[in-house]
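Trainee: Quick one, fold the following:
(2 chains)
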Amino acid sequence: MEEELSVWIREAFSAAGFEPEKLSGGLSVVPTADDRFGDYQCNAAMGLARLQKKNPREVAQSVIGSAKPHEAIEKAEIAGAGFINLHLRADWMARRLEAAQADPRLGASEPGQGRTVVIDYSSPNVAKPMHIGHIRSTVIGSALDRLHRFLGYRVIADNHLGDWGTQFGILVLGWKRELDEQALKADPITELERIYKATHAACEADPAQRELARQELVRLQQGDAENLTIWETMQHLSQDQFNEMYQRLDVRFDVTLGESFYNPRLAGVVESLVTSGVARESLGAIGVFSDGGVADKDDPFRISRNGEWIDNPCLVRKSDGGFNYATTDLATLTYRVETWSPETILYVTDGRQQLHFRQIFAIFRRWRPDVQVRLEHIWFGSILGADGKPFRTRSGETVKLRDLLDEAEERAFKLVTEKSPDVEERVRRDIARAVGLGAVKYADLMTHRQSDYVFNWDKMLSLEGNTAPYLQYACARIASVQDKYGERFPGRSPADQPIVLGDPMERRLAARLLQFPDVVLRATNQYKPNVLTDYLYDLAQVYSAFYQNVPFLKAEDGVRESRVRLCDVTAKTLRVGLGLLGIEAPDRI
RNA sequence: GUCCCGGUAGCUCAGUUGGACAGAGCGCUGGAUUCCUAAUCCGGAGGUCGUGGGUUCAAGUCCCGCCCGGGAUACCA
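Mentor: Below is the predicted model of the structure:
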């Protein structure tokens, strides 16, 4: 819609003798800030008038005068300092909505066709419980995954597990020494966590213990059969846990290539970096230093200490010969480029890794200048408790993901039971699952990605305000309308009647509905799920006002069908939109 | 010290290439329910957009200084 109108008005500018391409940032049409300004507006006449030293309103006037008629536009008018306001024709909007109703994609195009994007998200650690720290990466990554897929992209969702590294020396040592088979059977991850903590503490206290752990690690890395078997067992036990969490969250990956997968490639990466002159030896380690290409303050390999700019290298091999995460990330990046030839790779991690990824991306550019790939660090803020500090349990522990999801469902179940005590328990459980998990996901997606946000059960589960339950409630009400229509008018189908936008409430709802494809595009291109949540919330509010103030089942023939169709398009839009965020909308709530 | 984020209504937060009197929710306050789920809707009050300059026809948005908070800052990831 926006693009269609933008193309149209660009032609009008050209026809009027202006050069819209001269405008920095291009020329486009955006939805109006206020309904009384029409449906879409173009602000370019003012910018262009300034460039060409002309009167903005006159520019706007001549653009309107030169514009070809457009089937969607009822009128274009000049307002204020030189805004061009576009009013859409109600009957055109109605036809568009009818088409959207019949289209599972609601009129959205597929600009991602033929394009590949790799998305790296979730990435939990083996042998540890998934915790609240994993939720943002998982939920945001999954939403970006769904958005891209919806727009036709070929998506490679890659779960880059933390399945290798020094912690496995400790784990193997602990496994051999104090594994409780019974406990492992009952709750494997808790037992793995226990032996890790106990052994880690022993190593901290005693250098001899530390040496034992180191030896176990070396044996593992050398392919010792026993240690490898233990390691593999831990992988499987962990994967069971991950699968359980992902199933509950309805998250899927195309590949799960953990750090261990890249282990055989690390030495080659370092060697290549050194021979190509990108990396060099320093203090026994090997690292990448600044190439002086940019100013110190913009250089990820430079840092100021006490007023003096010094090197801040990215190490790719430690002085003890071991590799670190930068090495793994470079090997991973290379593998992804070679395997899938993606146009873009997205890394969905927390904001603390910004410097790390700036370095990794800079190294890759220097190392592989021939490779064309867009690299984006999609970082996010922290989840805080009411005290403004990282969210923890009352006893100060990290909140485990399983406990969090359990509590979400339990709280939702209480709410559902309170509101609908007559519904049978099995159904209430199903509703509670959708509402509880939806609330948690939505709370995570609704805030701007990069903001920290305060975790608040009551707020996210509230039926008031910008929450998943509010949107789910709107869907459930529509489902109820549709049921009632079927009961009272058996044998009739609303789709046999045209949509008519007579009432201002109807028109307002229709205008919002038609924005859906543009919103999905914007949310995807900006990697900002909250663009979509804001839209869905606004849509639900507009619908609720419509629902409250306009009768449909009691309306006269024809009008009734048209309104039920509007309800239907709204429900589809909300459901598809929520679906893109990984949130279910039950028929009753 | 330096870099990155943030500072918008009492609280929690949106604010799309700079655009029309700065928006929403909660809270506060006044209304609406013989009717499609009131888990809702309609109205009202409430803001020097941290601060001081600058650029512009137009600045919450761009530039510079300063204040406050969080994060990052070679052998963890």
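
Trainee: Residue A:346 falls within a strand, correct?
Mentor: Yes: checked against DSSP: H, G, I helix; E, B strand; the rest coil, residue A:346 lies within a strand.

Trainee: ok now the helix or strand bottoming out on mean pLDDT in chain A, how far from the chain's centre?
Mentor: The weakest-scoring helix or strand in chain A, judged by mean pLDDT, DSSP states H and E, is helix A:44-51 (a mean of 82). Remark: helix A:44-51 is offset 36 Å from the chain centroid, using C-alpha atoms, centre = their mean, to the nearest Å.

Trainee: now swap in stretch A:236-251 and tell me
Mentor: On C-alpha atoms, centre = their mean, the centre of stretch A:236-251 falls 19 Å from that of its chain.

Trainee: Quick check: buried residues in whatever helix or strand comes next after the least confident helix or strand of chain A?
Mentor: Using DSSP states H and E, the helix or strand that follows helix A:44-51 in sequence is helix A:56-66. Of all the residues in helix A:56-66, those buried under the rule 16 or more other C-beta atoms under 10 Å are A:56, A:57, A:59, A:60, A:61, A:62, A:63, A:64. The way it works is simple: take the backbone N, C-alpha and C, and place the C-beta from them, glycine included.

Trainee: elements contacting the longest helix along chain A?
Mentor: Criterion DSSP state H: the longest helix present in chain A is helix A:225-249. Applying 3 or more C-beta pairs under 8 Å, 6 or more residues apart in numbering; DSSP states H and E, one finds that helix A:225-249 contacts helix A:135-150, helix A:167-178, helix A:188-205, helix A:207-221, helix A:401-419, helix A:425-446.

Trainee: Out of the ones you listed, the one nearest residue A:301 is which?
Mentor: helix A:135-150 (26.3 Å; C-beta to C-beta).

Trainee: how close does residue A:564 sit to residue A:90?
Mentor: Distance from residue A:564 to residue A:90, counting by C-beta to C-beta, to the nearest Å: 18 Å.

Trainee: likewise residue A:266?
Mentor: Going from residue A:266 to residue A:90 by C-beta to C-beta gives 63 Å.

Trainee: next one: residue A:259
Mentor: Counting by C-beta to C-beta - residue A:259 and residue A:90 are separated by 58 Å.

Trainee: And for residue A:42?
Mentor: Where residue A:90 is concerned, residue A:42 sits at a distance of 21 Å (C-beta to C-beta).

Trainee: which of these two has more neighbours?
Mentor: Counted by other C-beta atoms under 10 Å, residue A:42 and residue A:90 do not tie: residue A:42 has more neighbours, with 26 against 16.

Trainee: how about that one, what does it touch?
Mentor: Applying C-beta atoms under 8 Å, 6 or more residues apart in numbering, we find residue A:42 in contact with A:6, A:9, A:27, A:28, A:29, A:30, A:83, A:84, A:86.

Trainee: Excluding chain neighbours, what is closest to the fourth one?
Mentor: Counting by C-beta to C-beta, 6 or more residues apart in numbering, residue A:6 is the residue found nearest to residue A:28 once chain neighbours are left out, at 4.3 Å.

Trainee: quick one, strands of the stretch 1-150 of chain A?
Mentor: Here the stretch 1-150 of chain A has its strands, by DSSP state E, counting those that start in this stretch, at A:29-31, A:40-42, A:73-79, A:83-88, A:116-120.

Trainee: Using CSV, lay out these together with distance to RNA strand B and mean pLDDT.
Mentor: Converted to CSV, the strands of the stretch 1-150 of chain A look like this (distance: least, C-beta to the nearest atom of the strand, whole Å; pLDDT from 0 to 100):
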stretch, distance to RNA strand B, mean pLDDT
strand A:29-31, 5, 90
strand A:40-42, 4, 91
strand A:73-79, 4, 89
strand A:83-88, 4, 92
strand A:116-120, 12, 96
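
Trainee: Just send these back as a markdown table, with distance to residue A:274 too.
Mentor: As requested, the strands of the stretch 1-150 of chain A are exported to a markdown table (distance: least, C-beta to C-beta, whole Å):
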| stretch | distance to residue A:274 |
| --- | --- |
| strand A:29-31 | 51 |
| strand A:40-42 | 55 |
| strand A:73-79 | 62 |
| strand A:83-88 | 59 |
| strand A:116-120 | 26 |
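
Trainee: Please report the distance of whichever residue of the stretch 401-550 of chain A sits closest to RNA strand B from residue A:296.
Mentor: Closest residue of the stretch 401-550 of chain A to RNA strand B, C-beta to the nearest atom of the strand: residue A:465 (2.1 Å). Note on residue A:465: its distance to residue A:296, by C-beta to C-beta, is 46 Å.

Trainee: With residue A:512 instead?
Mentor: 49 Å.

Trainee: out of those two, which sits in the busier spot?
Mentor: More neighbours surround residue A:512 than the other of residue A:512 and residue A:296, with 21 against 13 (other C-beta under 10 Å).

Trainee: Let's see the pLDDT reported for that one.
Mentor: pLDDT for residue A:512: 92.

Trainee: Tell me, how many residues neighbour residue A:32?
Mentor: Neighbour count of residue A:32, defined by other C-beta under 10 Å: 18.

Trainee: thought it was touching residue A:40?
Mentor: Yes: under the criterion of C-beta atoms under 8 Å, residue A:32 makes contact with residue A:40 at 6.3 Å.

Trainee: Pull the contacting residues for the residue positioned nearest the centre of chain A.
Mentor: Central residue of chain A (C-alpha atoms, centre = their mean): residue A:140, 3.2 Å from the mean position. Residue A:140 makes contact with A:121, A:348, A:378, A:380, A:444, A:445, A:449, A:529, according to C-beta under 8 Å, 6+ apart.
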